[in-house]
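> Sequence and predicted structure below; questions after.
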Amino acid sequence: MQTKIIILRGNSGSGKTTISKKLQKKLGHGTFLISQDVVRREMLYVKDGVDTKAIDLLIQLTMYGRENCTYVILEGILNSSWYHKLFKTIKQEFDDRIYAYYFDIPFEETLLRHKLRPKANDFGEKEMRSWWREKDFINIFSEHIITNDMMEDEIVDMVLNHVV
């Protein structure tokens, strides 16, 4: 099996989770969705940073997906410098089966989108501003850029056209 990995990265409130869930439904059974927030905040309950324990678990989950699934979707903020080890491992293990996307959405737009989320009361502008990383691209493999003028279905279709 030649498992493919889809990586959706970007700042908080940019639409990564929404798109990843839609992609999982479209790709169907055998699609493993890994959310950085779920792993870090809910499973491990650890802070994010250069040495977060989430990195090793994300690597293990990604390798599980490579061995057992048709598609792996990895989504999260995934700070490019903090998660360098994860990206190097993915490059080594998936090589030319990496489909990476970066949500390059303006801060003001992410704030508007955040207000529509179920977890809108969990954190606000102050926290989002402290997490913000402008154009946090990966230099290990190329990423397709997703902009705020692209509609959800357009993004899903674009990813599917690349992957399937």
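Right, received. Where do you want to start?

> Quick check: nearest residue in space to residue 15, chain neighbours excluded?
Spatial nearest neighbour of residue 15, chain neighbours left out: residue 103 (5.9 Å); criterion: Cβ to Cβ, 6 or more residues apart in numbering. For glycine as for every other residue, the C-beta is placed from the backbone atoms N, C-alpha and C.

> roughly how far apart are the one you found and residue 163?
Applying Cβ to Cβ, to the nearest Å, the value for residue 103 to residue 163 is 17 Å.

> and what of residue 35?
Distance from residue 35 to residue 163, by Cβ to Cβ: 19 Å.

> With neighbour numbers in mind, choose between the two.
The neighbour comparison of residue 35 against residue 163 (other Cβ atoms under 10 Å) goes to residue 35, with 20 against 16.

> Just give the nearest non-adjacent residue to the more buried one, would you?
What sits nearest to residue 35 in space, not counting adjacent residues and going by Cβ to Cβ, 6+ apart, is residue 75, at 5.7 Å.

> average model confidence for the strand or helix carrying that neighbour?
Secondary structure from DSSP states H and E places residue 75 in strand 71-76. For strand 71-76, mean pLDDT rounds to 98.

> Ok, stretch 51-61 next?
97.

> Now do the strands in the chain.
Ranges of strands in the chain, per DSSP state E, are 4-10, 31-35, 71-76, 98-104, 144-147.

> With distance to residue 20 as added columns, please give those in TSV.
Formatted as TSV, the strands of the chain follow (distance: least, Cβ to Cβ, whole Å):
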stretch	distance to residue 20
strand 4-10	5
strand 31-35	6
strand 71-76	4
strand 98-104	10
strand 144-147	12
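
> and the spatially most central residue of the chain, bridged to which residues?
Closest to where the C-alpha atoms of the chain average out (Cα atoms, centre = their mean) is residue 75, at 1.9 Å. For residue 75, the beta-bridge assignment (DSSP bridges) gives partners residue 8, residue 35.

> didn't it look like it was pressed against residue 5?
No: counting by Cβ atoms under 8 Å, no contact exists between residue 75 and residue 5, whose distance comes to 11.1 Å.
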